[in-house]
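# Model the following, please.
(one chain, ligands or ions: 1)
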Amino acid sequence: MSASAPLIRAHNIGLEIAGRQLLRDISLELQPAEIVTVIGPNGAGKTTLLRLLLGLTKPTSGTVERRPGLRLGYMPQRLQIDATMPMTVGRFLQLGIDGVKVADALARVGAAQLAGARLADLSGGEMQRVLLARAAARKPQLLVLDEPTQGVDVGGQSEVYQLIAQLRDELHCGVLLVSHDLHLVMAATDRVLCVNQHICCHGHPEQVSKDPVYLEMFGDKLALYTHQHNHHHDLSGEVVDDGGCNHGHDHDHSHGHHHTSHSTADKLDQDAP
Ligand SMILES: Nc1ncnc2c1ncn2[C@@H]1O[C@H](COP(=O)(O)OP(=O)(O)OP(=O)(O)O)[C@@H](O)[C@H]1O
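Next up, the predicted model:
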C-alpha cells in the first residue's frame with residue numbers, strides 16, 4: 001500500500017459468537033488524516049467493530065487489511081485505576097513506550113502541569129487528557145479512541161474534541177472514534193458511520209444527520225440535547241398542555257420510536273463507505 005492508500009480496509013466483515021451475529025457485512029476504509037466517528041445505540045457493536053479493525057478480535061467472515069507496520073495509538077473505553085496506586089502521570093506515560101518526552105507529551109494536550117500528579121488523584125477530564133497524551137505519544141498514524149469524553153463534564157467535552165482535531169492536524173494521523181456526544185461530534189468529524197450490527201447509514205455529518213435512519217435512531221436523543229419540552233404542539237404549532245409531564249421530546253415527529261426499526265434500516269441500507 002502506498003502512503004496515500006487507506007490505513008485500514010475492511011471488506012464485508014462480520015462476527016458471530018455462540019450463534020449470535022454481533023456484526024455483519026461491514027465494509028469501510030479509513031484514510032490518512034481523516035476523522036471518522038462511529039455512533040450507534042448501546043450494544044450496537046461499536047467497540048466490537050474497533051476491536052475487529054485493530055486486529056484484537058478476528059472476524060468470522062470477511063477480511064481486514066491494515067497498512068503494513070501501521071502505528072496505532074489506542075485509548076480504551078475505561079481504565080480502572082486503583083486509588084491506592086502511587087504511580088505518577090509522568091511514569092504512566094513512559095510505561096512501555098520508549099523515549100517518551102513526558103513534558104512534550106503533556107504539553108500537546110494542554111496538561112503540562114500534571115507530570116508529577118498521582119494518576120489516582122486526576123479528575124475525569126484530566127484523566128482523559130492523560131490517556132490522549134499516551135495514545136498520541138507513539139506518534140501514531142491512526143489514533144483510536146473509544147468514547148474519549150467519558151467522565152468529562154459537558155463544558156469540557158467540546159475541548160476534548162477540539163484537542164482531537166488539533167492532534168490530527170499536528171500528527172497528520174487518522175482518527176477513529178466511538179462517541180455518544182452526537183451534538184458535539186457532528187461538528188468535529190469528517191465522516192460518520194452509524195452502526196447497529198451493520199452500517200445503517202454513513203457519510204459527511206450534515207448528510208447523516210438528515211438521513212431518516214439516523215433520525216429514527218437518534219431523533220429523541222438529539223431533541224434532548226437541543227431543548228427540553230414539557231409540552232406538546234398540535235398540528236398548527238399551538239402548545240397543548242400535557243399535564244406537566246417532562247418528556248424532553250422534540251416535536252411530534254420524534255415520538256414513538258426509541259429504537260431502530262430494522263425493517264426501515266434495512267430498506268434504507270446503503271452501500272458501504
Ligand atoms: N466476546 C464476546 N462474546 C459474546 N458477546 C459479546 C462479546 N463482545 C461483545 N459482545 C456482545 O456484543 C454486543 C455489542 O457489544 P459492544 O461492546 O461492541 O457494543 P457497543 O456498541 O460498544 O455498546 P456501548 O455503547 O454500550 O459501549 C453486546 O451485546 C455484547 O454483549
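
# how far away is the nearest residue to V64 once chain neighbours are set aside from L177?
In space, and not counting its chain neighbours, V64 is closest to A10: 4.9 Å by CB to CB, 6 or more residues apart in numbering. All C-beta spots, glycine's among them, are computed from the backbone N, C-alpha and C. With distances taken as CB to CB, to the nearest Å, A10 is found 16 Å from L177.

# I'd assumed L119 was in contact with F92.
Yes. The criterion here is CB atoms under 8 Å, and F92 meets it with L119 at 5.6 Å.

# what are the ranges of the helices in this protein?
46-54, 89-94, 102-108, 124-137, 154-171, 182-185, 205-208, 212-226, 262-267 (DSSP state H).

# Contacts only, for P86.
P86 is in contact with 118, 120, counting by CB atoms under 8 Å, 6 or more residues apart in numbering.

# And it, how far from G116?
From P86 across to G116, the span is 12 Å (CB to CB).

# If L30 is in a bridge, with which residues?
Beta-bridge partners for L30, by DSSP bridges, are I8.

# That one contacts L142, doesn't it?
Yes. Counting by CB under 8 Å, L142 is a contact partner of L30 at 6.6 Å.

# Where do the domain boundaries of the chain fall?
79-138, 216-265 (automatic domain parsing).

# Which pLDDT value belongs to the one residue sitting closest to the centre of the chain?
Nearest to the geometric centre of the chain sits V178, at 1.6 Å (CA atoms, centre = their mean). pLDDT for V178: 93.

# which residues touch it?
Contacts of V178 by CB under 8 Å, 6+ apart are 37-39, 46-47, 50, 77, 145-147.

# any low-confidence regions in the stretch 1-150 of the chain?
Scanning the stretch 1-150 of the chain for pLDDT under 70 picks out the ranges 1-3, 78, 80-83.

# need the residues of it near the ligand, please.
Within the stretch 1-150 of the chain, the positions adjacent to the ligand are 17, 22, 40, 42-48 by CB under 6 Å from any ligand atom.

# Name the member of the residues you listed that has the highest neighbour count.
K46 (25 neighbours; other CB atoms under 10 Å).

# Next one: it from L30, what distance?
To L30, K46 is 15 Å away according to CB to CB.

# just T149 next, same as before
21 Å.

# I'd like the residues of the stretch 1-150 of the chain next to the ligand laid out as CSV, including distance to E216.
What follows is those, written out as CSV (distance: CB to CB, whole Å):
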residue, distance to E216
I17, 27
L22, 21
G40, 13
N42, 16
G43, 17
A44, 14
G45, 18
K46, 18
T47, 23
T48, 22
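
# so of those residues, which ones are in strands?
Among those, the ones falling in strands (DSSP state E) are 17, 22.

# Distance to G73 for the helices of the chain - can I get that in a markdown table?
Output for these, formatted as a markdown table (distance: least, CB to CB, whole Å):
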| stretch | distance to G73 |
| --- | --- |
| helix 46-54 | 11 |
| helix 89-94 | 12 |
| helix 102-108 | 11 |
| helix 124-137 | 4 |
| helix 154-171 | 9 |
| helix 182-185 | 19 |
| helix 205-208 | 23 |
| helix 212-226 | 28 |
| helix 262-267 | 32 |
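
# All set, thanks.
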